[in-house]
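Novice: Pasted the sequence and its predicted model underneath.
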Amino acid sequence: MNTQYTSAIRGQVYVAGDDIDTDQIIPAIHLNLVPTIPEEYAKLGSLALSGLPDTCPPFIRPGRMRSEYAIIVGGRNFGCGSSREHAPIALGAAGVKAIVAESYARIFFRNVVATGEFYPLECGTRLVDIFKNGAEVEIDLAAGVITKLATGERYTLKPLGAVAPVVEAGGIFAYARASGMIGKK
């Protein structure tokens, strides 16, 4: 991974399965919310993963606007379904700092990078079978590992490569401004 990182991401994990689609991340009924309006951005966060089946534990506790889970551990094809930018924005507004999945739907991955809401990390190990909801973990972005803090077990993450500085900057427009590709606001 890129060694420019000086910090780690620590927090509890929420374990999601395979094929988590964008309608589960943010149901289409809520797409009228405008992320650039602060109150509506917060509302999007409060609705993140509200489309999951009732058999799943809540991602956000009732009455809260943000999640206690900073990290989502996903399976294969995370973010499949329709191409909606609201999905990564809702997760970021909910307080997600990183998702570690086996793989991502291509458009969802691009939308995550474009918005810079959180780090879209991949792991070749099937972490959804290893981690449980609420497990405390640390992601060391510089070393490219996720560590289960209770046991010290470490799992290697795939490098983000050229995506890393874009996410680190806060998305494609922030990166373009910072690198001089486009003018400042």
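Specialist: Cool, got the structure.

Novice: Any regions of the protein where pLDDT drops low?
Specialist: Residues of the chain that meet the criterion pLDDT under 70 lie in 1-6, 185.

Novice: redo that, cut-off 50
Specialist: Low-confidence segments of the chain (pLDDT under 50): 1-3.

Novice: ranges for the strands of it?
Specialist: If DSSP state E is used as the criterion, the strands of the chain fall at 8-15, 69-73, 98-101, 119-122, 136-140, 145-148, 154-156.

Novice: Tell me which of these sits nearest to Ser50.
Specialist: strand 8-15 (13.0 Å; CB to CB). (C-beta placed from N, C-alpha, C; glycine too.)

Novice: which strands and helices sit next to the closest one?
Specialist: Here strand 8-15 touches strand 69-73, strand 136-140, going by 3 or more CB pairs under 8 Å, 6 or more residues apart in numbering; DSSP states H and E.

Novice: Next, the buried residues of it.
Specialist: Ile9, Gly11, Val13, Tyr14, Val15 (16 or more other CB atoms under 10 Å).

Novice: what comes into contact with stretch 76-92?
Specialist: Stretch 76-92 is contacted by residues 16, 18-26, 28, 30-31, 33, 35, 41, 44-45, 47-49, 72, 99, 101-105, 107-109, 111-112, 114-115, 117-118 when judged by CB atoms under 8 Å, 6 or more residues apart in numbering.

Novice: could I get the strands of the chain as JSON lines with distance to Ser179?
Specialist: Formatted as JSON lines, the strands of the chain follow (distance: least, CB to CB, whole Å):
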{"stretch": "strand 8-15", "distance to Ser179": "24"}
{"stretch": "strand 69-73", "distance to Ser179": "28"}
{"stretch": "strand 98-101", "distance to Ser179": "23"}
{"stretch": "strand 119-122", "distance to Ser179": "19"}
{"stretch": "strand 136-140", "distance to Ser179": "25"}
{"stretch": "strand 145-148", "distance to Ser179": "28"}
{"stretch": "strand 154-156", "distance to Ser179": "29"}
